[in-house]
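Q: following is a predicted model, sequence given first.
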Amino acid sequence: MPKMPQGKPAGVACLHLDAALRCELFGSPERPAVCARLRPQPEMCGSSQAQALAYLNQLEQQTRSTGE
């Protein structure tokens, strides 16, 4: 299975998402620790997929490495 050894850059889709944007590693020991620790809250999900993706994009931008 492909890996992202340098992590997932902001704005780049995870390699482990299926066509429905579901994690293919969910429940697997191969799932990255950062993903396993993520605990979605209602404000993260919003009321639509578009709101959830916008929130994730904002989160990625806020946590973006300064080396990018």
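A: Yep, it's here. Residues are numbered from 1 along each chain as shown.

Q: need the contact list for the most centrally placed residue in the chain.
A: Centroid-nearest residue in the chain: residue 14, 6.4 Å away (criterion: C-alpha atoms, centre = their mean). With contact taken as C-beta atoms under 8 Å, 6 or more residues apart in numbering, residue 14 is in contact with 4, 8, 23. (C-beta placed from N, C-alpha, C; glycine too.)

Q: okay, these in CSV with secondary structure and pLDDT next?
A: Shown next, in CSV, are the contacts of residue 14 (DSSP: H, G, I helix; E, B strand; the rest coil; pLDDT from 0 to 100):
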residue, secondary structure, pLDDT
4, coil, 77
8, coil, 81
23, strand, 92
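
Q: buried residues in stretch 25-44?
A: Within stretch 25-44, the residues scored as buried using 16 or more other C-beta atoms under 10 Å are 25, 32.

Q: could you work out the end-to-end span of that stretch for me?
A: 20 Å (C-alpha to C-alpha, to the nearest Å).

Q: for the record, mean pLDDT for that stretch?
A: When pLDDT is averaged along stretch 25-44, the result is 89.

Q: for the protein, what spans make up the helices?
A: Assigned by DSSP state H, the chain shows helices spanning 33-37, 42-45, 49-62.

Q: now those as TSV including distance to residue 18?
A: TSV is the format used below for the helices of the chain (distance: least, C-beta to C-beta, whole Å):
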stretch	distance to residue 18
helix 33-37	14
helix 42-45	18
helix 49-62	14
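
Q: among these, which comes closest to residue 19?
A: helix 49-62 (13.3 Å; C-beta to C-beta).

Q: give the rounded mean pLDDT of that closest one.
A: 88.

Q: got the buried residues for it?
A: 52, 55.

Q: who are the packing partners of it?
A: Here helix 49-62 touches helix 42-45, going by 3 or more C-beta pairs under 8 Å, 6 or more residues apart in numbering; DSSP states H and E.

Q: for the helix it packs on, give me every contacting residue.
A: By C-beta under 8 Å, 6+ apart, helix 42-45 touches 51-52, 55-56, 59.

Q: can you say which two of the residues you listed are spatially most distant?
A: Farthest pair in those, by C-beta to C-beta: 51 and 59, 12.7 Å.

Q: number of residues surrounding the closest residue to residue 15 other than its chain neighbours?
A: The shortest distance from residue 15 to any non-neighbouring residue, by C-beta to C-beta, 6 or more residues apart in numbering, is to residue 2 (5.0 Å). Neighbour count for residue 2, taken as other C-beta atoms under 10 Å: 6.
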